[in-house]
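Engineer: with the sequence up front, the predicted model follows.
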Amino acid sequence: MRIPESELIINSDGSAFHIHLRPEELADDVILVGDPGRVDMIAEFLTDIEYRHASREFVSVAGKYNGKRFTVLSHGIGTDNIDIVMTELDALANIDFETREVKEHHRSLNILRIGTSGAIQPDIPLGSYVFSEISLGCDGLLNWYGNRDAVALKDYEDELMRHMNWSKYLPVPYFVPAGKGMTEKFRGRAIFGITISASGFYGPQGRVIRIPLAMPDMVDGFESYSCKGRKITNFEMEGSALAGLAAHLGHNAATICCIIAQRHAGDSNTEYKGGIRELVEYCLNILTE
């Protein structure tokens, strides 16, 4: 079936509409970051740089680390941007841009998002690396797609709604595991846990500035939640959409974050750029073993 031009927009140079990558520019291994400035920082680790594209918050480069080719792409803030990035990355891999038809042979990408996060559990210190073994979406994005229960962990969802007395005005939460390949690579090399993707930085993460919360005890509820021996470890804003869409589309994806805020202790570290650089190098070495 030919995909209409209105559904998959392709630029005149043959690149995907938002991220401005062409099919031949996409590596099998992709690193995603939120901040466009981090793309150039990661590029400092790479050799054989092929290109640098920039459009709005979407900046990309390709190069090699330890002989392996990577595409590095920034996505900005929020699961809405992940919807754009994941859809267009998959299109580059699995849609013929000439015929606009799905390719006969599926291409699976390895995608790691490297970001920053705030810890919820008191025993996770600033500077820790937390791998999202399971992502908890409080953003609602996956619910717009059909058959969401095929990739979601319904028992975790039901327990959260019961435990939190979930408000009927909030999106139905969803839980999705990270890709198995990524999980095995990072097992024993980071703190594993359940990571919340919130739809905002303030109220949706339990921060009160001038507007009260719909669930005033939300953070305490997240901290005390447990299902099958797993606890919620941290907050961020993109991982659930990445895990959910990657699972639907057949890609191996995960999120790992450096902890720059400790919500339980009320601490934060705004001088975290060095820690992110160390995390990037750490991840590149693991991905190229």
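Structural biologist: That came through fine. Numbers count the residues shown, from 1 in each chain.

Engineer: so where is this protein shaky, pLDDT-wise?
Structural biologist: Filtered on pLDDT under 70, the chain yields the residue ranges 264-266, 268, 271-272.

Engineer: dihedrals phi and psi, the residue nearest the centre of it?
Structural biologist: Centroid-nearest residue in the chain: Gly239, 3.1 Å away (criterion: C-alpha atoms, centre = their mean). When quoted as degrees, to the nearest 10, the phi and psi of Gly239 stand at phi -60, psi -30.

Engineer: which parts of the protein are strands?
Structural biologist: For the chain, the strands defined by DSSP state E cover 29-33, 47-55, 58-65, 68-74, 95-96, 101-102, 110-119, 129-137, 174-177, 191-197, 226-227, 230-236, 252-262, 267-268.

Engineer: would you check that the residue nearest to the centre of the chain makes contact with Ile134?
Structural biologist: No. Applying C-beta atoms under 8 Å, one finds Gly239 not in contact with Ile134, separated by 9.5 Å. All C-beta spots, glycine's among them, are computed from the backbone N, C-alpha and C.

Engineer: what touches both of these two?
Structural biologist: Residues touching both Gly239 and Ile134 by C-beta atoms under 8 Å, 6 or more residues apart in numbering: Thr195.

Engineer: which one of the strands of the chain lies closest to Glu159?
Structural biologist: strand 226-227 (4.7 Å; C-beta to C-beta).

Engineer: and His163, which of the strands of the chain is closest to it?
Structural biologist: Nearest to His163, of all those, is strand 226-227, at 8.4 Å by C-beta to C-beta.

Engineer: I would like the residues contacting that closest one, please.
Structural biologist: Asp155, Tyr156, Glu159, Leu160.

Engineer: ok, now with 10 Å
Structural biologist: Contact partners of strand 226-227, identified using C-beta atoms under 10 Å, 6 or more residues apart in numbering, comprise Ile134, Leu153, Asp155, Tyr156, Glu157, Asp158, Glu159, Leu160, His163, Phe175, Ile194, Ile232.

Engineer: please identify which of those residues is nearest to Thr288.
Structural biologist: So of the contacts of strand 226-227, ranked by how close each gets to Thr288 (C-beta to C-beta), first place is Ile134, at 25.7 Å.

Engineer: how about the strands of the chain in TSV, adding distance to Glu88 and mean neighbour count?
Structural biologist: Formatted as TSV, the strands of the chain follow (distance: least, C-beta to C-beta, whole Å; neighbours: other C-beta atoms under 10 Å):
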stretch	distance to Glu88	mean neighbour count
strand 29-33	12	23
strand 47-55	11	13
strand 58-65	9	21
strand 68-74	10	22
strand 95-96	10	16
strand 101-102	15	12
strand 110-119	13	24
strand 129-137	20	25
strand 174-177	20	25
strand 191-197	19	24
strand 226-227	33	15
strand 230-236	21	22
strand 252-262	14	24
strand 267-268	33	13
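
Engineer: want to throw those strands into TSV with distance to Thr183?
Structural biologist: What follows is the strands of the chain, written out as TSV (distance: least, C-beta to C-beta, whole Å):
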stretch	distance to Thr183
strand 29-33	16
strand 47-55	28
strand 58-65	21
strand 68-74	19
strand 95-96	28
strand 101-102	28
strand 110-119	11
strand 129-137	6
strand 174-177	7
strand 191-197	8
strand 226-227	17
strand 230-236	13
strand 252-262	7
strand 267-268	28
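
Engineer: contacting residues around the nearest residue to the residue nearest to the centre of the chain once chain neighbours are set aside?
Structural biologist: Spatial nearest neighbour of Gly239, chain neighbours left out: Thr255 (3.6 Å); criterion: C-beta to C-beta, 6 or more residues apart in numbering. Thr255 makes contact with 32, 111-115, 117, 130-133, 135, 178, 182, 195, 197, 234, 236, 238-240, 242-243, according to C-beta under 10 Å, 6+ apart.
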